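Novice: give me a model of this one.
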Amino acid sequence: MAITVSCYCQREVIDKVVATVGGELVLLSEIEEQLALMEAQNGVLPEGARCGIIDQILATKLLLNQSKLDSIEVSDEEVEAQLDARIDRILTFMNNDVQQFEDYYGQSIGEVKAQFREDLKNQILVERMRGQVMANVNVTPSEVKEFFNSIPYDSLPYFNSEVEVGEIVYKPKVNDEERAKAMDLLKRLKSEIEGGADFSELASKFSDDGGSARAGGDLGWAKRGRYVPEFEAAAFNLEDNELSDIVESDFGFHLIQMLERRGNSIHVRHILIKPEITNADLELAKEHLDSVRQLLFDDSLSFSVAVKRFSNEDIQSYNNDGRMVNPLTGNTFFEIGDLDPDIYFTIDTMDVEAVSAPFEYRDQTGEVYFRLVQLQSRTAPHRADLKQDYSKIKQAAIEAKQNEFISEWVGERVDATYINIDKNIGDCPNLGKWRKEDIRP
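Specialist: Residues are numbered from 1 along each chain as shown. Model prediction:
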């Protein structure tokens, strides 16, 4: 369940109960909302979409009903933590502007949370119940082979060329002179504020955090875990209106002021000064990675070892032996179109296992890094093949077995669960398994 842009309080469909599964009710509006969401995502509703959605909703209600019969527990604290995390993500997209949030949803944050609290708890129960039902579902190599062989040749998917890419990432170090300049400026600004200068005006003029600078350095409300450790430790130790000492983080140097505290939430503003990275600093970083590349060429160490010894620990690939993960798929395979252009043009003419020269790039926040990349595998465009695509075929086999398993479980539970479906819900052949009897023991 995601908190989406739709506001369920403005339903045009008049609700009525169209099905009962155990102690759970299915509302007509639930079906219509799912159809509207599918149409918004796909543009056109596929044939049989309504019947498919009704079937899915009934199965979900059956899982929810069983979770309560089995006394599966979800704590209020867990629900609140997930709600807070989702609200925080939305606020982040809105630069922590609470007024913008409330204008957008037409409700206060508290009202939005209240609206979704029960739905979120039910979703967690369903996921937990489904996890228990399918806990032991796995496939053996022979089952993977059998699954692959059961697919008609003409129905096998066609995969585009894919690559796997490893990286070693290094962040240039700021020289002592630029560090001193940044600290001196922030010390001067702190002195001016203590002398009566307006924090907001100075933040707008000097802060290198563009997002908060436009709001006078205001970062909005946040709970623990929102900020980097150095910043958070200093911020949570401040009293109302108190100024921090200068705080250093990976982003630069901060001056923080506490505006207000409510329980475990704080409202602070800051001024960020980033020391300037000079051309000399960039050249030193490039030379550093050049020396790492030479070690790899000399076979002095493996790429995996070089990652652990030299790559930035905060980069996602660090804990995956340097292998990059495709955010679109969650696996390590990239189609050419999924790659950043700088990586694509770097590996385009490389041989497998070759390592590139170091090159500069910027992350999403604009920070400058250097990286080496290794082309670790490359496949030509091809029809699905058990040898080349074993991991993908295995995942498909697991999903097929899970679907079969949950379908069997549903069939068993239907016979032991009270189920009543409105006869006017629609002519859906796939709902036959739900309609063996109108009333069940």
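Novice: let me know the pLDDT of the residue in the chain sticking out farthest from the centre.
Specialist: Checked against the mean C-alpha position of the chain, the extreme residue using C-alpha atoms, centre = their mean is G195, at a distance of 43.9 Å. G195 carries a pLDDT value of 94.
Novice: list phi and psi for it.
Specialist: phi -90, psi 0 (degrees, to the nearest 10).
Novice: from L202, how far off is it?
Specialist: 11 Å (C-beta to C-beta, to the nearest Å). No exception for glycine: its C-beta is placed from N, CA and C like everyone else's.
Novice: for the chain, which residues score under the pLDDT cut-off?
Specialist: For the chain, the stretches with pLDDT under 70 are 1-14, 96, 436-441.
Novice: can you give the domain ranges for it?
Specialist: What automatic domain parsing lists as the domains of the chain is 8-139+395-434, 161-172+278-380, 176-273.
Novice: how far does the shortest one stretch from start to finish?
Specialist: Looking at domain 176-273, the gap from its leading to its trailing residue is 15 Å under the measure C-alpha to C-alpha, to the nearest Å.
Novice: can you give me how far it is from the chain middle?
Specialist: 27 Å (C-alpha atoms, centre = their mean, to the nearest Å).
Novice: also the first one?
Specialist: Its chain's C-alpha centre lies 20 Å from the corresponding centre of domain 8-139+395-434 when counted by C-alpha atoms, centre = their mean.
Novice: next: stretch 309-327.
Specialist: 17 Å.
Novice: check contacts around F199.
Specialist: By C-beta atoms under 8 Å, 6 or more residues apart in numbering, the contact set of F199 is 193, 216-217, 257, 269, 271.
Novice: which of these has the most neighbours?
Specialist: Counting neighbours by other C-beta atoms under 10 Å, I271 leads the contacts of F199 with 28 neighbours.
Novice: doesn't that one fall inside a strand?
Specialist: Yes. Checked against DSSP: H, G, I helix; E, B strand; the rest coil, I271 lies within a strand.
Novice: mind listing what the closest residue to S304 other than its chain neighbours touches?
Specialist: Closest residue in space to S304, ignoring its immediate chain neighbours: D321 at 4.4 Å, by C-beta to C-beta, 6 or more residues apart in numbering. Applying C-beta under 8 Å, 6+ apart, we find D321 in contact with 166, 303-304, 307.
Novice: okay, now L372: neighbour count?
Specialist: Counted with other C-beta under 10 Å, L372 comes out at 26.
Novice: just checking, it touches V355?
Specialist: Yes. Judged on C-beta atoms under 8 Å, L372 makes contact with V355 at a distance of 5.7 Å.
Novice: any shared contact partners between those two?
Specialist: With C-beta under 8 Å, 6+ apart as the test, L372 and V355 both reach 293, 296.
Novice: and Q66, how far is that from V26?
Specialist: Distance from Q66 to V26, by C-beta to C-beta: 16 Å.
Novice: higher neighbour count, these two?
Specialist: With neighbours defined as other C-beta under 10 Å, Q66 and V26 compare such that Q66 has more, 24 against 21.
Novice: how about that one: what's its closest non-neighbour residue?
Specialist: In space, Q66 is closest to M129, 5.7 Å off (C-beta to C-beta, 6+ apart).
Novice: give me the residues contacting the one helix or strand that neighbour maps to.
Specialist: Per DSSP states H and E: M129 is located in helix 109-133. The contact list for helix 109-133 (C-beta under 8 Å, 6+ apart) reads 1, 3, 8-9, 60, 63-64, 66-68, 70, 72, 74, 78-79, 82-83, 87, 98, 101-102, 105, 107, 405-406, 409.
Novice: buried stuff in that helix?
Specialist: Residues 109, 112-113, 116, 120-126, 128-130, 133 are the ones in helix 109-133 that count as buried (16 or more other C-beta atoms under 10 Å).
Novice: can you pull out the strands in the stretch 201-350 of the chain?
Specialist: In the stretch 201-350 of the chain, the strands defined using DSSP state E, counting those that start in this stretch lie at 218-223, 247-249, 252-262, 265-273, 334-335.
Novice: residue nearest the centroid of the chain?
Specialist: P327 (8.8 Å).
Novice: from Q364, how far off is that one?
Specialist: Counting by C-beta to C-beta, the gap from P327 to Q364 is 12 Å.
Novice: re earlier: return the member of the buried residues of helix 109-133 nearest to G210.
Specialist: Closest approach to G210 among the buried residues of helix 109-133 (C-beta to C-beta): I109, at 25.0 Å.
Novice: report how many residues lie close to T92.
Specialist: T92: 13 neighbours (other C-beta under 10 Å).
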